[in-house]
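> got a predicted model here, sequence first, then my questions.
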Amino acid sequence: MWPERADLHSQLGDVYEKQGRYKEAVEAYQTAVRRDPDNDAYWFSLGHEFLQHHNFELAERIFSDGLKRLPRALRLHLGLAVAYFSRAQYAEAVATLRKAIALEPRAESAYFFLGQAFVLAGDHPLFSEGDWFEQSLQAYLQLKPRDPFPYYLNALNLSRAPGPRNKSASLLEQALRLDPRFAEAWYELGKCHSGEQRFQDAIRCYRKAIDLRPGYSEAWYRLSQAYAKAGQTAQARQAAEWSAKYRKEQEAEAARRQKEILRFVYTLK
């Protein structure tokens, strides 16, 4: 009755997606884009369909083509960043997120994705070029003062600098007040205590991280080191054995983080 209606084709694509009919969903979203190429929602739905099915190369192409027509479309920048991120192209992902933040300095989702990139690739030189990254983390914290993640990110960034870790520890403690089940924050707090030679405090934090995530290989490894420094050799040996056992699960953790990112990007639709 209304074959020219782009919104109906897009809604049909949503129905196909829920039914698991991938090919039909793609065709419906493609038709919506052809009918109304100036609507960024249709470009995003099409690109997101490819993201969902881990076809990151095609997702990158769709988001890039959409941005050629709609260069200020924030969610297309975010979708493109996630496509890069999912292929471990961190330099491209970070550069795209910087553009997104410049377009919309209050875009919480852009800071979230930037933080995820930093967690996985914090040693990349892009994060050390000038003070843009520190300013971005501060802006994120001001936007989300009740969210533990920005405190955690700021603490991670501070911990890269030499010297005392008191400020990092304070930020991590604030993150843990907001979310006591934040295993990664307990782990980083343990590292702060270890750096200050407070090994019993470090042991307590590493144990807390492990209680929350029993397969946390890095926490087991750091725990073994803290036990050794504290003179508890039997416990150190046992913790090292657990670290070796769980090391293979690190790949599963990376996959879990990627799924978390894809779930989050779905909220942009």
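Structure received. Numbering: from 1, shown residues only.
> closest to the centroid, which residue in the protein?
What sits nearest the mean C-alpha location of the chain, by Cα atoms, centre = their mean, is Gln116, with 2.3 Å.
> tell me what the one helix or strand that residue maps to is packed against?
Element membership for Gln116, per DSSP states H and E: helix 108-121. Where contact means 3 or more Cβ pairs under 8 Å, 6 or more residues apart in numbering; DSSP states H and E, helix 108-121 is packed against helix 74-86, helix 90-103, helix 132-143, helix 148-159, helix 250-266. For glycine as for every other residue, the C-beta is placed from the backbone atoms N, C-alpha and C.
> nearest to Ser109, out of those?
helix 74-86 (5.9 Å; Cβ to Cβ).
> using CSV, list the CA coordinates for the helix holding Gln116.
The C-alpha coordinates for helix 108-121 follow below in CSV (Å, rounded to 0.1, in the frame of the first residue of the first chain):
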residue,chain,number,x,y,z
GLU,A,108,27.7,9.9,27.7
SER,A,109,27.8,6.9,25.4
ALA,A,110,30.9,8.3,23.6
TYR,A,111,32.8,8.5,26.9
PHE,A,112,31.7,5.0,27.8
PHE,A,113,33.1,3.6,24.6
LEU,A,114,36.2,5.6,25.0
GLY,A,115,36.6,4.1,28.5
GLN,A,116,36.2,0.6,27.2
ALA,A,117,38.9,1.2,24.6
PHE,A,118,41.2,2.5,27.3
VAL,A,119,40.6,-0.5,29.5
LEU,A,120,41.6,-2.8,26.7
ALA,A,121,44.4,-0.7,25.1
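> please work out which residues outside that helix touch it.
Under the criterion Cβ atoms under 8 Å, 6 or more residues apart in numbering, residues 74, 77-78, 81-82, 85, 90, 93-94, 97, 100-101, 104, 127, 133, 136-137, 139-140, 143-144, 149-150, 153, 156-157, 184, 254, 257, 261, 264, 267-268 lie in contact with helix 108-121.
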